[in-house]
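K.L.:
Generate a structure from the sequence data that follows.
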Amino acid sequence: MRPFRIALLVISVAAASRAQDADWEAPLSAAIARAIAQNPEITGMEAQIAAAGHRAGQSSALPDPQLELAFKDFPVSHFSPSRDDFTMEVVGLQQTFPGAGKRPARQALAEAEFAGATASHEDHRVRLAADVADAYFLLGEIDARTEIMERSRERLKRVAASASERYRVGKGAQADVLRSNLEVTAAEEKLVGLRGERRMAEARWNTLQALRPGEAVAPTSLPPEEPSLPAESALLGQAIDRSPLVAVGAADVRRAQEELDLARVESRPDITAAAYYAHRIDYEDLAGFGVSLTLPFAQDKRLKERQAEREAGLSGSRANLEMVKNDLGRGVAEAYAELDRSIEQARLYRSSILPQAETNASAAAEAYTVGQVDFLTYVRAAIDRDTYETELAMRRAAAWRAVAAIQKASGLPLVPGTPGVEVRP
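P.N.:
As a prediction, the model looks like this:
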(Lines give C-alpha, C1' and ligand atoms only; values in the text may rest on other atoms or scores of the structure.)
Protein backbone atom coordinates (compact mmCIF):
# COMPACT_ATOMS: atom_id res chain seq x y z
CA MET A 1 0.00 0.00 0.00
CA ARG A 2 2.75 2.48 0.93
CA PRO A 3 4.69 2.42 -2.40
CA PHE A 4 1.40 2.94 -4.22
CA ARG A 5 0.58 5.99 -2.13
CA ILE A 6 4.06 7.38 -2.71
CA ALA A 7 3.59 6.94 -6.47
CA LEU A 8 0.30 8.79 -6.33
CA LEU A 9 1.92 11.57 -4.28
CA VAL A 10 4.57 11.93 -6.96
CA ILE A 11 1.79 12.35 -9.52
CA SER A 12 0.07 15.04 -7.45
CA VAL A 13 3.29 17.04 -7.15
CA ALA A 14 4.27 16.71 -10.81
CA ALA A 15 0.77 17.52 -12.05
CA ALA A 16 1.24 21.08 -10.83
CA SER A 17 3.68 21.58 -13.68
CA ARG A 18 2.28 21.20 -17.16
CA ALA A 19 5.79 21.02 -18.57
CA GLN A 20 6.60 17.77 -16.81
CA ASP A 21 3.80 15.19 -16.45
CA ALA A 22 4.11 12.40 -13.91
CA ASP A 23 4.48 8.74 -14.66
CA TRP A 24 0.88 7.55 -14.90
CA GLU A 25 1.56 3.94 -15.84
CA ALA A 26 3.04 2.87 -12.49
CA PRO A 27 0.08 3.78 -10.25
CA LEU A 28 -2.40 2.47 -12.81
CA SER A 29 -0.55 -0.84 -13.11
CA ALA A 30 -0.39 -1.11 -9.32
CA ALA A 31 -4.13 -0.47 -9.04
CA ILE A 32 -4.93 -3.11 -11.68
CA ALA A 33 -2.71 -5.65 -9.93
CA ARG A 34 -4.43 -4.88 -6.62
CA ALA A 35 -7.88 -5.20 -8.18
CA ILE A 36 -7.08 -8.58 -9.73
CA ALA A 37 -5.51 -9.84 -6.49
CA GLN A 38 -8.23 -8.61 -4.12
CA ASN A 39 -11.48 -8.32 -6.06
CA PRO A 40 -13.92 -10.91 -4.61
CA GLU A 41 -15.43 -11.67 -8.03
CA ILE A 42 -12.00 -12.73 -9.29
CA THR A 43 -11.51 -14.92 -6.21
CA GLY A 44 -14.92 -16.51 -6.74
CA MET A 45 -14.21 -17.23 -10.41
CA GLU A 46 -10.85 -18.79 -9.54
CA ALA A 47 -12.63 -21.12 -7.11
CA GLN A 48 -15.11 -22.05 -9.86
CA ILE A 49 -12.23 -22.83 -12.23
CA ALA A 50 -10.63 -25.05 -9.59
CA ALA A 51 -13.96 -26.84 -9.16
CA ALA A 52 -14.27 -27.33 -12.93
CA GLY A 53 -10.75 -28.74 -13.03
CA HIS A 54 -11.62 -31.27 -10.35
CA ARG A 55 -14.76 -32.25 -12.27
CA ALA A 56 -12.63 -32.91 -15.34
CA GLY A 57 -10.27 -35.04 -13.26
CA GLN A 58 -13.03 -37.34 -12.01
CA SER A 59 -15.12 -37.52 -15.18
CA SER A 60 -13.31 -40.57 -16.60
CA ALA A 61 -13.47 -42.62 -13.41
CA LEU A 62 -15.60 -45.76 -13.21
CA PRO A 63 -18.77 -45.70 -11.12
CA ASP A 64 -18.29 -46.74 -7.50
CA PRO A 65 -18.21 -50.51 -7.00
CA GLN A 66 -20.89 -52.00 -4.75
CA LEU A 67 -20.14 -54.34 -1.88
CA GLU A 68 -22.96 -56.50 -0.51
CA LEU A 69 -22.97 -58.10 2.97
CA ALA A 70 -26.13 -60.14 3.54
CA PHE A 71 -27.68 -62.87 5.66
CA LYS A 72 -30.14 -64.65 3.40
CA ASP A 73 -32.88 -67.27 3.43
CA PHE A 74 -33.27 -67.82 7.16
CA PRO A 75 -36.55 -69.20 8.62
CA VAL A 76 -38.83 -66.46 9.86
CA SER A 77 -40.56 -68.53 12.54
CA HIS A 78 -37.42 -70.09 14.05
CA PHE A 79 -34.38 -67.91 13.48
CA SER A 80 -31.20 -69.97 13.08
CA PRO A 81 -28.17 -69.73 10.80
CA SER A 82 -28.12 -73.50 10.32
CA ARG A 83 -31.70 -74.72 10.58
CA ASP A 84 -32.43 -74.36 6.85
CA ASP A 85 -30.40 -75.64 3.92
CA PHE A 86 -30.70 -72.28 2.12
CA THR A 87 -29.60 -70.04 4.98
CA MET A 88 -26.27 -68.42 4.17
CA GLU A 89 -23.99 -65.46 4.83
CA VAL A 90 -23.29 -63.70 1.56
CA VAL A 91 -20.49 -61.38 0.42
CA GLY A 92 -21.09 -59.89 -3.00
CA LEU A 93 -19.29 -57.38 -5.24
CA GLN A 94 -20.46 -55.68 -8.40
CA GLN A 95 -19.01 -53.10 -10.78
CA THR A 96 -20.68 -51.21 -13.59
CA PHE A 97 -18.73 -50.45 -16.78
CA PRO A 98 -20.21 -47.63 -18.89
CA GLY A 99 -20.83 -48.38 -22.54
CA ALA A 100 -18.07 -47.91 -25.08
CA GLY A 101 -17.22 -44.26 -25.63
CA LYS A 102 -19.20 -42.89 -22.71
CA ARG A 103 -16.28 -42.24 -20.36
CA PRO A 104 -14.17 -40.40 -22.99
CA ALA A 105 -17.26 -38.38 -23.97
CA ARG A 106 -17.90 -37.36 -20.35
CA GLN A 107 -14.25 -36.42 -19.90
CA ALA A 108 -14.29 -34.32 -23.08
CA LEU A 109 -17.45 -32.58 -21.85
CA ALA A 110 -15.86 -31.76 -18.48
CA GLU A 111 -12.72 -30.45 -20.22
CA ALA A 112 -14.86 -28.20 -22.42
CA GLU A 113 -16.59 -26.80 -19.33
CA PHE A 114 -13.18 -26.20 -17.74
CA ALA A 115 -11.96 -24.38 -20.87
CA GLY A 116 -15.07 -22.20 -20.82
CA ALA A 117 -14.59 -21.31 -17.15
CA THR A 118 -10.93 -20.45 -17.76
CA ALA A 119 -11.74 -18.21 -20.75
CA SER A 120 -14.53 -16.51 -18.80
CA HIS A 121 -12.08 -15.79 -15.99
CA GLU A 122 -9.57 -14.28 -18.42
CA ASP A 123 -12.29 -12.10 -19.94
CA HIS A 124 -13.33 -10.92 -16.48
CA ARG A 125 -9.75 -9.95 -15.61
CA VAL A 126 -9.37 -7.93 -18.81
CA ARG A 127 -12.72 -6.22 -18.22
CA LEU A 128 -11.85 -5.47 -14.60
CA ALA A 129 -8.55 -3.91 -15.69
CA ALA A 130 -10.46 -1.78 -18.23
CA ASP A 131 -12.87 -0.61 -15.51
CA VAL A 132 -9.95 0.33 -13.24
CA ALA A 133 -8.33 2.26 -16.09
CA ASP A 134 -11.60 4.05 -16.88
CA ALA A 135 -11.94 5.05 -13.22
CA TYR A 136 -8.32 6.27 -13.19
CA PHE A 137 -8.74 8.45 -16.28
CA LEU A 138 -12.02 9.82 -14.91
CA LEU A 139 -10.22 10.83 -11.72
CA GLY A 140 -7.52 12.46 -13.85
CA GLU A 141 -10.15 14.41 -15.77
CA ILE A 142 -11.87 15.61 -12.60
CA ASP A 143 -8.55 16.64 -11.05
CA ALA A 144 -7.57 18.55 -14.20
CA ARG A 145 -10.93 20.34 -14.30
CA THR A 146 -10.65 21.14 -10.59
CA GLU A 147 -7.17 22.59 -11.05
CA ILE A 148 -8.39 24.78 -13.91
CA MET A 149 -11.42 25.91 -11.93
CA GLU A 150 -9.31 26.78 -8.90
CA ARG A 151 -7.05 28.93 -11.05
CA SER A 152 -10.11 30.54 -12.59
CA ARG A 153 -11.58 31.26 -9.18
CA GLU A 154 -8.38 32.92 -7.97
CA ARG A 155 -8.23 34.94 -11.16
CA LEU A 156 -11.84 36.04 -10.71
CA LYS A 157 -11.16 37.00 -7.11
CA ARG A 158 -8.40 39.31 -8.29
CA VAL A 159 -10.75 40.72 -10.91
CA ALA A 160 -13.42 41.28 -8.25
CA ALA A 161 -10.92 43.05 -6.02
CA SER A 162 -9.85 45.23 -8.95
CA ALA A 163 -13.46 46.05 -9.82
CA SER A 164 -14.19 46.98 -6.22
CA GLU A 165 -11.16 49.26 -6.12
CA ARG A 166 -12.11 50.93 -9.42
CA TYR A 167 -15.62 51.47 -8.14
CA ARG A 168 -14.27 52.93 -4.88
CA VAL A 169 -12.23 55.54 -6.69
CA GLY A 170 -15.06 56.31 -9.11
CA LYS A 171 -13.60 54.65 -12.23
CA GLY A 172 -15.86 51.63 -12.33
CA ALA A 173 -19.52 50.78 -12.13
CA GLN A 174 -21.28 49.02 -9.30
CA ALA A 175 -22.63 46.50 -11.81
CA ASP A 176 -19.04 45.42 -12.50
CA VAL A 177 -18.51 44.69 -8.82
CA LEU A 178 -21.73 42.69 -8.62
CA ARG A 179 -20.92 40.77 -11.78
CA SER A 180 -17.40 39.87 -10.65
CA ASN A 181 -18.65 38.67 -7.26
CA LEU A 182 -21.30 36.59 -9.04
CA GLU A 183 -18.66 34.91 -11.19
CA VAL A 184 -16.58 34.09 -8.09
CA THR A 185 -19.64 32.52 -6.48
CA ALA A 186 -20.38 30.57 -9.67
CA ALA A 187 -16.80 29.24 -9.64
CA GLU A 188 -17.25 28.15 -6.02
CA GLU A 189 -20.45 26.32 -6.98
CA LYS A 190 -18.67 24.48 -9.78
CA LEU A 191 -15.89 23.45 -7.42
CA VAL A 192 -18.47 22.03 -5.01
CA GLY A 193 -19.91 20.00 -7.89
CA LEU A 194 -16.45 18.76 -8.88
CA ARG A 195 -15.71 17.69 -5.33
CA GLY A 196 -18.95 15.69 -5.35
CA GLU A 197 -18.01 14.08 -8.68
CA ARG A 198 -14.64 13.12 -7.29
CA ARG A 199 -16.12 11.48 -4.23
CA MET A 200 -18.26 9.29 -6.48
CA ALA A 201 -15.27 8.49 -8.70
CA GLU A 202 -13.18 7.66 -5.62
CA ALA A 203 -15.87 5.24 -4.41
CA ARG A 204 -15.83 3.43 -7.74
CA TRP A 205 -12.02 3.39 -7.87
CA ASN A 206 -11.74 1.97 -4.35
CA THR A 207 -14.52 -0.60 -4.78
CA LEU A 208 -12.88 -2.04 -7.89
CA GLN A 209 -9.78 -2.68 -5.79
CA ALA A 210 -11.75 -4.08 -2.82
CA LEU A 211 -10.81 -1.04 -0.72
CA ARG A 212 -13.09 0.97 1.54
CA PRO A 213 -15.31 3.18 -0.66
CA GLY A 214 -14.64 6.26 1.46
CA GLU A 215 -10.84 5.96 1.42
CA ALA A 216 -9.16 9.13 0.15
CA VAL A 217 -7.42 8.96 -3.23
CA ALA A 218 -4.41 11.13 -3.99
CA PRO A 219 -4.63 13.48 -7.01
CA THR A 220 -4.00 11.90 -10.40
CA SER A 221 -2.86 13.28 -13.74
CA LEU A 222 -3.83 12.44 -17.28
CA PRO A 223 -1.27 10.85 -19.62
CA PRO A 224 0.61 13.58 -21.47
CA GLU A 225 0.68 11.63 -24.74
CA GLU A 226 -2.14 10.66 -27.05
CA PRO A 227 -3.23 7.01 -27.18
CA SER A 228 -1.54 5.00 -29.91
CA LEU A 229 -3.32 1.83 -31.05
CA PRO A 230 -3.22 -0.40 -34.13
CA ALA A 231 -5.62 0.34 -36.97
CA GLU A 232 -9.20 -0.62 -36.21
CA SER A 233 -9.29 -3.43 -38.77
CA ALA A 234 -6.01 -4.93 -37.50
CA LEU A 235 -7.10 -4.79 -33.89
CA LEU A 236 -10.48 -6.31 -34.72
CA GLY A 237 -8.73 -9.22 -36.43
CA GLN A 238 -6.58 -9.77 -33.34
CA ALA A 239 -9.66 -9.57 -31.13
CA ILE A 240 -11.48 -12.27 -33.09
CA ASP A 241 -8.44 -14.53 -32.71
CA ARG A 242 -7.49 -13.73 -29.11
CA SER A 243 -10.50 -12.33 -27.29
CA PRO A 244 -11.37 -14.31 -24.15
CA LEU A 245 -15.04 -13.57 -24.80
CA VAL A 246 -14.80 -15.29 -28.20
CA ALA A 247 -12.95 -18.12 -26.46
CA VAL A 248 -15.88 -18.42 -24.05
CA GLY A 249 -18.28 -18.68 -26.99
CA ALA A 250 -16.04 -21.24 -28.71
CA ALA A 251 -15.84 -23.26 -25.50
CA ASP A 252 -19.62 -23.21 -25.27
CA VAL A 253 -19.81 -24.57 -28.83
CA ARG A 254 -17.31 -27.27 -27.89
CA ARG A 255 -19.34 -28.12 -24.78
CA ALA A 256 -22.55 -28.40 -26.83
CA GLN A 257 -20.74 -30.63 -29.34
CA GLU A 258 -19.49 -32.90 -26.56
CA GLU A 259 -23.00 -33.10 -25.11
CA LEU A 260 -24.26 -34.17 -28.52
CA ASP A 261 -21.51 -36.79 -28.83
CA LEU A 262 -22.43 -38.09 -25.39
CA ALA A 263 -26.09 -38.27 -26.37
CA ARG A 264 -25.14 -40.31 -29.44
CA VAL A 265 -23.35 -42.96 -27.38
CA GLU A 266 -26.06 -43.20 -24.72
CA SER A 267 -27.73 -45.95 -26.74
CA ARG A 268 -24.79 -48.23 -25.96
CA PRO A 269 -25.55 -50.54 -23.01
CA ASP A 270 -23.74 -50.33 -19.69
CA ILE A 271 -22.35 -53.62 -18.41
CA THR A 272 -22.50 -54.63 -14.76
CA ALA A 273 -20.39 -57.57 -13.55
CA ALA A 274 -21.31 -59.15 -10.22
CA ALA A 275 -19.94 -62.00 -8.10
CA TYR A 276 -20.78 -63.38 -4.69
CA TYR A 277 -19.66 -65.96 -2.14
CA ALA A 278 -22.16 -67.54 0.26
CA HIS A 279 -21.10 -69.36 3.44
CA ARG A 280 -23.37 -71.99 5.01
CA ILE A 281 -22.84 -73.52 8.46
CA ASP A 282 -23.61 -77.19 7.90
CA TYR A 283 -23.59 -77.35 4.14
CA GLU A 284 -21.28 -76.68 1.25
CA ASP A 285 -20.53 -73.03 0.48
CA LEU A 286 -21.89 -71.49 -2.67
CA ALA A 287 -20.53 -68.94 -5.17
CA GLY A 288 -21.81 -67.28 -8.26
CA PHE A 289 -21.20 -64.56 -10.83
CA GLY A 290 -23.15 -62.85 -13.54
CA VAL A 291 -23.27 -60.01 -16.05
CA SER A 292 -26.19 -57.66 -16.62
CA LEU A 293 -26.78 -55.11 -19.36
CA THR A 294 -28.85 -51.96 -19.54
CA LEU A 295 -31.12 -51.69 -22.57
CA PRO A 296 -31.27 -47.97 -23.38
CA PHE A 297 -32.29 -48.67 -26.98
CA ALA A 298 -35.57 -49.98 -25.59
CA GLN A 299 -36.41 -46.29 -25.00
CA ASP A 300 -35.69 -45.21 -28.57
CA LYS A 301 -37.97 -42.17 -28.44
CA ARG A 302 -36.21 -40.79 -25.36
CA LEU A 303 -32.81 -41.20 -27.00
CA LYS A 304 -33.92 -39.50 -30.20
CA GLU A 305 -35.49 -36.60 -28.31
CA ARG A 306 -32.36 -36.12 -26.22
CA GLN A 307 -30.17 -36.17 -29.31
CA ALA A 308 -32.45 -33.63 -31.01
CA GLU A 309 -32.24 -31.46 -27.89
CA ARG A 310 -28.44 -31.53 -27.99
CA GLU A 311 -28.41 -30.74 -31.72
CA ALA A 312 -30.61 -27.70 -31.09
CA GLY A 313 -28.33 -26.64 -28.24
CA LEU A 314 -25.30 -26.91 -30.54
CA SER A 315 -27.02 -24.75 -33.17
CA GLY A 316 -27.83 -22.19 -30.49
CA SER A 317 -24.25 -22.13 -29.22
CA ARG A 318 -22.93 -21.57 -32.74
CA ALA A 319 -25.39 -18.72 -33.26
CA ASN A 320 -24.38 -17.21 -29.90
CA LEU A 321 -20.72 -17.34 -30.95
CA GLU A 322 -21.54 -15.34 -34.09
CA MET A 323 -23.49 -12.87 -31.96
CA VAL A 324 -20.47 -12.48 -29.68
CA LYS A 325 -18.27 -11.70 -32.68
CA ASN A 326 -20.82 -9.21 -34.02
CA ASP A 327 -21.15 -7.49 -30.64
CA LEU A 328 -17.37 -7.42 -30.34
CA GLY A 329 -17.07 -5.69 -33.70
CA ARG A 330 -19.79 -3.19 -32.82
CA GLY A 331 -18.23 -2.39 -29.45
CA VAL A 332 -14.78 -1.92 -30.98
CA ALA A 333 -16.17 0.29 -33.77
CA GLU A 334 -18.08 2.50 -31.35
CA ALA A 335 -15.11 2.88 -29.02
CA TYR A 336 -12.77 3.64 -31.94
CA ALA A 337 -15.20 6.32 -33.16
CA GLU A 338 -15.08 7.93 -29.70
CA LEU A 339 -11.28 7.63 -29.65
CA ASP A 340 -10.84 9.27 -33.06
CA ARG A 341 -13.32 12.02 -32.23
CA SER A 342 -11.70 12.80 -28.89
CA ILE A 343 -8.18 12.87 -30.37
CA GLU A 344 -9.22 15.15 -33.24
CA GLN A 345 -11.07 17.51 -30.91
CA ALA A 346 -8.15 17.57 -28.45
CA ARG A 347 -5.77 18.46 -31.27
CA LEU A 348 -8.11 21.21 -32.45
CA TYR A 349 -8.40 22.66 -28.96
CA ARG A 350 -4.66 22.43 -28.39
CA SER A 351 -3.53 23.83 -31.74
CA SER A 352 -6.21 26.38 -32.54
CA ILE A 353 -9.08 27.06 -30.16
CA LEU A 354 -7.15 27.38 -26.90
CA PRO A 355 -4.37 29.62 -28.35
CA GLN A 356 -7.05 31.87 -29.82
CA ALA A 357 -8.85 31.99 -26.50
CA GLU A 358 -5.58 32.88 -24.74
CA THR A 359 -4.96 35.66 -27.22
CA ASN A 360 -8.52 36.92 -26.89
CA ALA A 361 -8.32 36.90 -23.07
CA SER A 362 -5.01 38.77 -23.07
CA ALA A 363 -6.30 41.35 -25.54
CA ALA A 364 -9.50 41.82 -23.54
CA ALA A 365 -7.50 42.38 -20.36
CA GLU A 366 -5.35 45.01 -22.02
CA ALA A 367 -8.36 46.68 -23.64
CA TYR A 368 -10.24 46.76 -20.35
CA THR A 369 -7.25 48.35 -18.65
CA VAL A 370 -7.35 51.30 -21.08
CA GLY A 371 -11.15 51.46 -21.16
CA GLN A 372 -11.69 50.15 -24.72
CA VAL A 373 -14.03 47.28 -23.69
CA ASP A 374 -16.53 46.94 -20.92
CA PHE A 375 -16.14 44.74 -17.90
CA LEU A 376 -18.51 42.03 -19.14
CA THR A 377 -16.46 41.53 -22.31
CA TYR A 378 -13.30 41.22 -20.25
CA VAL A 379 -14.79 38.66 -17.85
CA ARG A 380 -16.37 36.64 -20.64
CA ALA A 381 -13.03 36.37 -22.47
CA ALA A 382 -11.33 35.07 -19.32
CA ILE A 383 -14.11 32.56 -18.65
CA ASP A 384 -14.05 31.36 -22.26
CA ARG A 385 -10.35 30.63 -21.99
CA ASP A 386 -10.90 28.52 -18.88
CA THR A 387 -13.86 26.78 -20.50
CA TYR A 388 -11.82 25.77 -23.54
CA GLU A 389 -8.97 24.57 -21.34
CA THR A 390 -11.49 22.43 -19.45
CA GLU A 391 -12.83 21.06 -22.72
CA LEU A 392 -9.29 20.08 -23.72
CA ALA A 393 -8.81 18.17 -20.48
CA MET A 394 -12.14 16.40 -21.00
CA ARG A 395 -11.21 15.39 -24.57
CA ARG A 396 -7.82 14.07 -23.42
CA ALA A 397 -9.52 11.99 -20.75
CA ALA A 398 -12.20 10.82 -23.21
CA ALA A 399 -9.52 9.53 -25.58
CA TRP A 400 -7.94 7.36 -22.88
CA ARG A 401 -11.32 6.24 -21.57
CA ALA A 402 -12.06 5.15 -25.15
CA VAL A 403 -8.94 2.96 -25.00
CA ALA A 404 -10.35 1.33 -21.87
CA ALA A 405 -13.66 0.83 -23.72
CA ILE A 406 -11.83 -0.77 -26.66
CA GLN A 407 -10.07 -3.13 -24.26
CA LYS A 408 -13.38 -4.03 -22.63
CA ALA A 409 -15.03 -4.67 -25.99
CA SER A 410 -12.15 -6.53 -27.63
CA GLY A 411 -10.75 -8.45 -24.68
CA LEU A 412 -7.22 -7.44 -25.69
CA PRO A 413 -4.81 -6.03 -23.06
CA LEU A 414 -4.36 -2.44 -24.27
CA VAL A 415 -4.00 -0.61 -20.93
CA PRO A 416 -0.63 -0.87 -19.12
CA GLY A 417 -0.84 -3.32 -16.25
CA THR A 418 -3.47 -5.57 -17.81
CA PRO A 419 -2.47 -9.26 -17.63
CA GLY A 420 -1.42 -10.68 -20.98
CA VAL A 421 0.73 -9.58 -23.89
CA GLU A 422 -0.02 -5.92 -24.56
CA VAL A 423 -1.08 -4.96 -28.06
CA ARG A 424 1.10 -2.34 -29.69
CA PRO A 425 0.71 -0.50 -33.01
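K.L.:
could you pull out the helices for the stretch 101-250 of the chain?
P.N.:
All helices of the stretch 101-250 of the chain, identified by DSSP state H, counting those that start in this stretch, fall at 102-168, 174-208, 232-242, 244-265.
K.L.:
Adding mean neighbour count, distance to residue 406 and mean pLDDT, write these out as JSON lines.
P.N.:
The C-beta positions use only the backbone N, C-alpha and C, and glycine is treated the same way. Formatted as JSON lines, the helices of the stretch 101-250 of the chain follow (neighbours: other C-beta atoms under 10 Å; distance: least, C-beta to C-beta, whole Å; pLDDT from 0 to 100):
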{"stretch": "helix 102-168", "mean neighbour count": "20", "distance to residue 406": "8", "mean pLDDT": "89"}
{"stretch": "helix 174-208", "mean neighbour count": "16", "distance to residue 406": "19", "mean pLDDT": "90"}
{"stretch": "helix 232-242", "mean neighbour count": "16", "distance to residue 406": "7", "mean pLDDT": "91"}
{"stretch": "helix 244-265", "mean neighbour count": "21", "distance to residue 406": "13", "mean pLDDT": "90"}
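K.L.:
Any idea which of these gets closest to residue 289?
P.N.:
Closest to residue 289 of the helices of the stretch 101-250 of the chain is helix 102-168 (C-beta to C-beta; 23.3 Å).
K.L.:
about what we covered before: Serialize the helices of the stretch 101-250 of the chain to CSV and add fields for distance to residue 409.
P.N.:
Output for the helices of the stretch 101-250 of the chain, formatted as CSV (distance: least, C-beta to C-beta, whole Å):
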stretch, distance to residue 409
helix 102-168, 9
helix 174-208, 18
helix 232-242, 8
helix 244-265, 9
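K.L.:
To residue 400, which of these lies closest?
P.N.:
If you check each of the helices of the stretch 101-250 of the chain against residue 400 by C-beta to C-beta, helix 102-168 wins as the nearest, at 4.4 Å.
K.L.:
The closest one to helix 232-242, inter-axis angle?
P.N.:
Compare the direction of helix 102-168 with that of helix 232-242 by axes from the mean of the first three to the mean of the last three C-alpha atoms, to 10 degrees and you get 140 degrees.
K.L.:
Report the angle between helix 102-168 and helix 174-208.
P.N.:
Going by the same axes, to 10 degrees, helix 102-168 makes 160 degrees with helix 174-208.
K.L.:
one step back: so which of the helices of the stretch 101-250 of the chain is nearest residue 353?
P.N.:
Closest approach to residue 353 among the helices of the stretch 101-250 of the chain is made by helix 102-168 (14.7 Å; C-beta to C-beta).
K.L.:
That closest one: how far from the chain's middle?
P.N.:
Centre-to-centre, helix 102-168 and its host chain are 12 Å apart (C-alpha atoms, centre = their mean, to the nearest Å).
K.L.:
same check, this time on stretch 56-74
P.N.:
45 Å.
K.L.:
what sits up against that stretch?
P.N.:
Stretch 56-74 is contacted from outside by 80-81, 83-84, 86-98, 103-104, 106-107, 109-111, 113-114, 276, 278, using C-beta atoms under 8 Å, 6 or more residues apart in numbering.
K.L.:
redo that, cut-off 7 Å
P.N.:
With contact meaning C-beta atoms under 7 Å, 6 or more residues apart in numbering, stretch 56-74 is reached by 80-81, 84, 86-97, 103, 106-107, 110-111, 114, 276.
K.L.:
Mind giving me the PyMOL select for the residues you listed, buried ones only?
P.N.:
Buried residues within the contacts of stretch 56-74, by 16 or more other C-beta atoms under 10 Å, are selected in PyMOL with:
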select buried, resi 87+88+89+90+92+94+96+103+106+107+110+111+114+276
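K.L.:
re the thing from before, of all the helices of the stretch 101-250 of the chain, which lies closest to residue 25?
P.N.:
Of the helices of the stretch 101-250 of the chain, nearest to residue 25 by C-beta to C-beta is helix 102-168, at 10.4 Å.
K.L.:
Does residue 174 touch residue 164 like I think?
P.N.:
No. Using C-beta atoms under 7 Å, residue 174 is not in contact with residue 164, being 9.7 Å away.
K.L.:
circling back to that earlier point, looking at the contacts of stretch 56-74, which are in strands?
P.N.:
Using DSSP state E, 88, 89, 90, 91, 92, 93, 94, 95, 96, 97, 276 are the members of the contacts of stretch 56-74 that sit in strands.
K.L.:
Show me the beta-bridge partners of the fourth one.
P.N.:
If I follow you right, that is residue 91. On the basis of DSSP bridges, residue 91 is bridged to residue 69, residue 277.
K.L.:
could you dump the ones in strands among the contacts of stretch 56-74 to CSV with distance to residue 286 and pLDDT?
P.N.:
Conversion of the ones in strands among the contacts of stretch 56-74 to CSV gives the following (distance: C-beta to C-beta, whole Å; pLDDT from 0 to 100):
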residue, distance to residue 286, pLDDT
88, 7, 87
89, 11, 88
90, 9, 92
91, 11, 94
92, 12, 93
93, 15, 94
94, 17, 93
95, 21, 92
96, 24, 89
97, 25, 91
276, 8, 92
